[in-house]
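> this one's sequence-less:
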C-alpha cells in the first residue's frame, strides 16, 4: 500500500472512531451516566454479590474510604 492510501485509511479511521466516541458519550449522557460508569454497571451485572474491592480491582481504581 502506498503512503497516500495509508494516510487516507488512518484519517478515515480517526473520523469514525471520534464519531463513535461522541455518539457513545451522548447516549450515556441521555441515561445520566458518564464514560466509565457503564463498565462498572456491566461488571456489577455479571457478578451478583461481589465485594466493593472486586469491581475496583477490575476497573483499576480505589474504593471510597
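In hand now; what should we look at? Predicted, not measured: the structure shown is a model, and the values here were computed from it. Numbering: from 1, shown residues only.
> Distance of the closest residue to residue 37 other than its chain neighbours relative to residue 7?
Of all residues not flanking residue 37 in the chain, residue 28 sits nearest, at 7.3 Å (CB to CB, 6 or more residues apart in numbering). The C-beta positions use only the backbone N, C-alpha and C, and glycine is treated the same way. Between residue 28 and residue 7 the computed distance is 32 Å (CB to CB, to the nearest Å).
> who has more neighbours, the two?
With neighbours defined as other CB atoms under 10 Å, residue 28 and residue 7 compare such that residue 28 has more, 15 against 10.
> what's the distance between the more buried one and residue 22?
When distance is defined by CB to CB, residue 28 is 11 Å away from residue 22.
> Residue 58 now?
Relative to residue 22, and taking CB to CB, residue 58 is found at 26 Å.
> Between the two, tell me which one has more neighbours.
Legend: neighbour count by other CB under 10 Å for residue 58 and residue 22, higher for residue 58 (15 against 10).
> For that one, which non-adjacent residue is spatially closest?
The shortest distance from residue 58 to any non-neighbouring residue, by CB to CB, 6+ apart, is to residue 43 (5.4 Å).
> How far does the helix or strand that neighbour falls within sit from its chain's centre?
Secondary-structure assignment from DSSP states H and E places residue 43 in helix 37-46. With CA atoms, centre = their mean, to the nearest Å as the basis, helix 37-46 stands 11 Å off its chain's centre.
> Stretch 10-22 now?
14 Å.
> Let me see the ranges of the helices in this protein.
3-30, 37-46, 53-59 (DSSP state H).
> So for residue 50, what pLDDT did the model give?
At residue 50, the model reports a pLDDT of 81.
> now residue 24
In this model, residue 24 is scored at 94, pLDDT.
> The nearest residue to it once chain neighbours are set aside: what's it in contact with?
Closest residue to residue 24 apart from its sequence neighbours, by CB to CB, 6+ apart: residue 35 at 7.4 Å. Going by CB atoms under 8 Å, 6 or more residues apart in numbering, residue 35 touches 24, 25, 28.
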